[in-house]
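Chemist: Quick one, what's the 3D model for this:
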Amino acid sequence: MTLYKIGKRALDIVGALIGIALFSPIMLLAALYIKLTSPKGPVFADIPNRVGKDGKEFKFLKFRTMIPNAHQWLLDHPDIYKKYTENSYKLDPDPRLLKGGKFMRAYSIDELPQFINVLKGDMSLVGPRAYYPFELKEQQEKFPETADKIKLALKVKPGITGVWQTSGRSTVDFVERVHMDAEYAKRQSLLYDILIILKTPYVVLTRKGAV
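Modeler: Residues are numbered from 1 along each chain as shown. Model (predicted):
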């Protein structure tokens, strides 16, 4: 294992533990709010697995901000699903959102459980955004020129934050996002990771690029 990988894993563990300790009151309040707002659904989002390092799928932890079975609802509405895929897998406004869901997403409260993914080793604090398997399949068919960049991006663990997440988020289309992820995978620097982490609070608090 290289010095970079050892340092990155140490940063992940320490950062995840700090994150859980720091944000546990917010996470508890978010969980209670979800159960009060939508008692029939789970606290965590019932979404398909995401693709991690080397293409291995994993359970992506995220607070539920949508109606139960939100992805199936989308598949049952092909016109809306078409709009969803054409807009880099985002809808604004999104008819599936719970009351208060937009607020939670805008300030990344729904993303806080991913600190657990980091501790488990499925994710890093910093890395590419975790893709859906169907997203990669559909978008590579649409943009075949992205195939090599996707392979490069999947050589590293996805992150809670990253270049895409701090450089426009939902305003960045799929092709540009893949390019950012591939460039990050090639760069691999602890200093770069720390700079991205330091940039993240500003992006979250200003809701830059949030949907």
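
Chemist: For residue 66, give me its contacts.
Modeler: Applying C-beta atoms under 8 Å, 6 or more residues apart in numbering to residue 66 gives the contacts 45, 94, 96-98, 101. In short, each C-beta sits where N, CA and C put it, glycine included.

Chemist: The nearest residue to residue 37 once chain neighbours are set aside - how many residues pack around it?
Modeler: Of all residues not flanking residue 37 in the chain, residue 98 sits nearest, at 5.4 Å (C-beta to C-beta, 6 or more residues apart in numbering). Using other C-beta atoms under 10 Å, the number of residues around residue 98 comes to 18.

Chemist: now the helices: where do they sit in the chain?
Modeler: In the chain, the segments counted as helices under DSSP state H are 3-37, 70-75, 78-86, 101-106, 114-120, 133-142, 147-153, 174-187, 190-206.

Chemist: Counting by contacts, list what the first one packs against.
Modeler: Just to be clear, that refers to helix 3-37. Contacts defined by 3 or more C-beta pairs under 8 Å, 6 or more residues apart in numbering; DSSP states H and E place helix 3-37 against helix 114-120, strand 124-126, helix 190-206.

Chemist: Likewise for the last one?
Modeler: With contacts defined as 3+ C-beta pairs under 8 Å, 6+ apart, helix 190-206 has these neighbours: helix 3-37, strand 124-126, strand 159-161.

Chemist: just so I know, which of those lies nearest residue 108?
Modeler: strand 159-161 (8.5 Å; C-beta to C-beta).
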